[in-house]
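J.: no letters, just coordinates:
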């Protein structure tokens, strides 16, 4: 099961790579500083090269330099998730959703992580929020093995129908 979650999160990391510097237009936060952007880019490059320890260092430095920027928190959560460290990934994704309440991918990743941790009510609530923000989340949820722990819940069934 852990391998499946790691694979799912790895795919998200690859999809959320350093193509551009995504910062939140919806929060009113200013564009991140050049220092924070550099650390973020180095962190993403390290993650893509498989150096997750260096990725964590760089993403934490990006956060230190720009604590109101949601993307490094999200990416840090993905790196922790890829290490199987959901107890560290969850707070990072929670912070990303606090900074940017419209961050659908962070809500979705929280939903998967909560499901794996058998925090079913939190999982459904996060999935509901992800689906509200991005209808594609429901399609992804139907195929996501991480949701096996909540598939039998009426709230999940209602959501994906």
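T.: Received the coordinates, thanks. Owing to the predicted nature of the structure, the values given are computational and were not obtained by experimental measurement. Numbering: from 1, shown residues only.
J.: which stretches of the chain form helices?
T.: Remark: helices assigned in the chain by DSSP state H are 2-15, 34-48, 52-65, 70-82, 86-99, 104-116, 120-133, 136-143, 154-160.
J.: dump those to a markdown table, plus mean pLDDT.
T.: Shown next, in a markdown table, are these (pLDDT from 0 to 100):
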| stretch | mean pLDDT |
| --- | --- |
| helix 2-15 | 43 |
| helix 34-48 | 97 |
| helix 52-65 | 98 |
| helix 70-82 | 97 |
| helix 86-99 | 97 |
| helix 104-116 | 97 |
| helix 120-133 | 97 |
| helix 136-143 | 94 |
| helix 154-160 | 94 |
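J.: reformat those helices as TSV; add mean neighbour count.
T.: Placement of C-beta: from N, CA and C, glycine included. Output for the helices of the chain, formatted as TSV (neighbours: other CB atoms under 10 Å):
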stretch	mean neighbour count
helix 2-15	15
helix 34-48	19
helix 52-65	19
helix 70-82	27
helix 86-99	20
helix 104-116	26
helix 120-133	20
helix 136-143	15
helix 154-160	13
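J.: show me the contacts for residue 122.
T.: With contacts taken as CB atoms under 8 Å, 6 or more residues apart in numbering, residue 122 has the following neighbours: 110, 114.
J.: let's see it at 10 Å
T.: Residues in contact with residue 122 (CB atoms under 10 Å, 6 or more residues apart in numbering) are 90, 94, 110-111, 113-115.
J.: for residue 161, same thing?
T.: residue 138.
J.: separation between it and residue 113?
T.: Remark: distance between residue 161 and residue 113 (CB to CB, to the nearest Å) = 23 Å.
J.: cool, and residue 48?
T.: For residue 48 relative to residue 113 (CB to CB), the value is 21 Å.
J.: what of residue 41?
T.: Taking CB to CB, one finds residue 41 at 25 Å from residue 113.
J.: what's the answer for residue 120, then?
T.: Distance from residue 120 to residue 113, by CB to CB: 12 Å.
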